[in-house]
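*Asks:* following is a predicted model, sequence given first.
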Amino acid sequence: MKNGDILVNNFFVEQKIGHDKLFWKYCTEKDRRKIMDYKRSSNKKRDVVNMKCEKGHSFTTTPLNFFKTKNKCPFCLKPGEKGVSKIAPEIKMFYKKGYNLKYISESCTEEFEFTCPFCKNTFKKTMQSMVSDRPRCKKCKDASLKNSFYLPEGRTFVHM
């Protein structure tokens, strides 16, 4: 049984998106007829859909990811969660434009464009991997660790 399946005469039948009100509240696609036939359990790249949350964040997702998560928007913070700027403040050095990191979830799976402050290399990463990866820049390996230290939490890299 997959997410979105229903039981009919002891057989599981995959539900299609159809007229699901919550899904269409977020969906920004123009060709809705095609999407109505997507299966709720679809996780295929060809079935990626453009969405927009109530706060105006644009993102893409598959039907499976949309229906299985409680927090539909990957940018919006979950209740009780702190923004990236509080969890990993040094990311501000890599990220110069776009969204305010104070309001972005550390588990955000959307890709952002970052620029290494040391070698000026531009790269794309999800916020989730940016928070957890060390070093962050694969080109210079975040410059030399000789000139760096860790904040009291013991997990945050800061370059001097």
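*Replies:* Right, received. Where do you want to start? Model, not experiment: these values are computed from the prediction.

*Asks:* residues in contact with the residue nearest to T61 when sequence neighbours are not counted?
*Replies:* Setting aside the residues directly before and after it, T61 is nearest to M51 in space (CB to CB, 6 or more residues apart in numbering), at 5.8 Å. Placement of C-beta: from N, CA and C, glycine included. For M51, the set of contacting residues under the criterion of CB atoms under 8 Å, 6 or more residues apart in numbering consists of 26-28, 58-61, 66, 72-73.

*Asks:* which among the residues you listed count as buried?
*Replies:* In terms of neighbour count (16 or more other CB atoms under 10 Å), the buried residues within these are 26-27, 59, 61, 66, 72-73.

*Asks:* which among those gets closest to T115?
*Replies:* Sorting the buried ones among the contacts of M51 by distance to T115 puts F59 at the head of the list, at 21.8 Å, by CB to CB.

*Asks:* for that closest one, helix, strand, or coil?
*Replies:* strand (DSSP: H, G, I helix; E, B strand; the rest coil).

*Asks:* any weak-confidence spans in this structure?
*Replies:* Of all residues in the chain, those with pLDDT under 70 make up the ranges 1-14, 70-71, 143-160.

*Asks:* how about the strands in it?
*Replies:* Residue ranges of the strands in the chain, as given by DSSP state E, are 5-8, 11-14, 49-52, 58-61, 111-115, 122-126, 148-150, 157-159.
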